[in-house]
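A.B. asks: my questions concern the predicted model and sequence given below.
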Amino acid sequence: MKTLVMMPTYNEIETLERSVTELFRYNQGIELLIIDDNSPDGTGALATRLSEIHPGTHVLHRDQKQGLGKAYLAGMEWGLARDFELFVQMDADGSHRTEDLPKLLSQASKAGLVIGSRWILGGEVHNWPWYRKAISRFGNFYAAKMLGSDLGDLTAGFRIYGKELLIQLPLSDVAAQGYGFQVEMTKNVLELRGQITEVPIHFVERENGSSKMTLAIVLEAFVLATRWGIRRLFRR
């Protein structure tokens, strides 16, 4: 199936080249779209150079940083216009292991959404302190309760959407920008009663560069999940 890997970047000059090289090392026949939000560190220029080295690599240059959600939505729009059938979300910092992608792709014909999960049996997180693991586990538990779901990792950013599911989702209405984007997209799939499969992965904390996680991102996801939970309660 015609597969597009979407890789948003903002100040990832230390990690991008290795991530792209490793992606094509373990995955043949795919295409890559690097979505750069005008990184001041030169990531956009590096992305252009990489597109000249690796066939099947494209770059979408955006004028300014607008958040993870809008970057992925722009990538989806770009891919849908070019008839891609599978849309893969991956971080550019190496935390999503490229050797895990074939496992996710093997399930893509069975589900509209395949989630690379850290918090189901067989999943692991490497190099996170205990408190960060606790925050992530609690956040996923809370989001699942609010949405009435039994999924283990709703905030996971390593995932695959099938085209047939994607075109049914209300993409123009998606509001969340940070990791709440992953929860909102999952909520929309659940409301459509789309098929979701979780595949265990090994998540590895980045070795270079700085994390984009902020308190504002965490609060956005918490507030939105609470709002969705209240709406679900009143719809019963």
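C.D. replies: Received, thanks.

A.B. asks: when you work out contacts or count neighbours from here on, use the C-alpha atoms and nothing else.
C.D. replies: OK.

A.B. asks: output the below-cut-off pLDDT ranges for this structure.
C.D. replies: Across the chain, the ranges flagged by pLDDT under 70 are 206, 208-214, 236.

A.B. asks: ok, 80 please
C.D. replies: 178-179, 206-221, 233, 235-236 (pLDDT under 80).

A.B. asks: what distance do you get for the nearest residue to Pro170 once chain neighbours are set aside to Glu12?
C.D. replies: Nearest-residue entry for Pro170: Asn188, 7.6 Å, with adjacent residues in sequence omitted and distances by C-alpha to C-alpha, 6 or more residues apart in numbering. Look at Asn188 and Glu12: by C-alpha to C-alpha, to the nearest Å, they are 30 Å apart.

A.B. asks: what does Leu32 give?
C.D. replies: Plainly put, Leu32 is 16 Å away from Glu12 if you go by C-alpha to C-alpha.

A.B. asks: strands of the chain, residue ranges please.
C.D. replies: Using DSSP state E, the strands of the chain run over residues 3-9, 31-36, 57-61, 86-89, 113-117, 124-126, 159-162, 196-200, 202-204.

A.B. asks: closest to Leu171 out of the ones you listed?
C.D. replies: For those, the distance to Leu171 is smallest for strand 159-162, at 12.6 Å, taking C-alpha to C-alpha.

A.B. asks: what does the closest one contact?
C.D. replies: Taking contacts as C-alpha atoms under 8 Å, 6 or more residues apart in numbering, the residues outside strand 159-162 that touch it are 85-90, 104-105, 108, 111-116.

A.B. asks: what do you get if the cut-off is 6 Å, keeping everything else the same?
C.D. replies: The contact list for strand 159-162 (C-alpha atoms under 6 Å, 6 or more residues apart in numbering) reads 85-89, 112-116.

A.B. asks: quick one on the thing from earlier: can you give me the neighbour number for the residue nearest to Pro170?
C.D. replies: A count of neighbours around Asn188, defined by other C-alpha atoms under 10 Å, yields 16.

A.B. asks: separation between it and Ala92?
C.D. replies: Between Asn188 and Ala92 the distance, using C-alpha to C-alpha, works out to 25 Å.

A.B. asks: one more: Trp228?
C.D. replies: The value you get for Trp228 to Ala92, if C-alpha to C-alpha is used, is 30 Å.

A.B. asks: more neighbours: which of the two?
C.D. replies: More neighbours sit around Ala92 than around the other of Trp228 and Ala92, counting by other C-alpha under 10 Å; the figures are 23 against 15.

A.B. asks: got a list of what the more buried one touches?
C.D. replies: 7, 16, 19.

A.B. asks: what do you get if the cut-off is 8 Å, keeping everything else the same?
C.D. replies: Taking C-alpha under 8 Å, 6+ apart as the criterion, Ala92 is in contact with 7-9, 12, 15-16, 19-20.

A.B. asks: any idea which residue is closest to the centre of the protein?
C.D. replies: The structure's the chain has its C-alpha centroid closest to Gly157; by C-alpha atoms, centre = their mean the separation is 3.0 Å.

A.B. asks: so that one touches Arg97, yeah?
C.D. replies: No - at 12.0 Å, Gly157 and Arg97 do not qualify as touching, with contact defined as C-alpha atoms under 8 Å.

A.B. asks: just put the strands of the chain in TSV and tack on mean neighbour count.
C.D. replies: As requested, those are arranged in TSV below (neighbours: other C-alpha atoms under 10 Å):
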stretch	mean neighbour count
strand 3-9	25
strand 31-36	23
strand 57-61	19
strand 86-89	25
strand 113-117	27
strand 124-126	14
strand 159-162	24
strand 196-200	20
strand 202-204	19
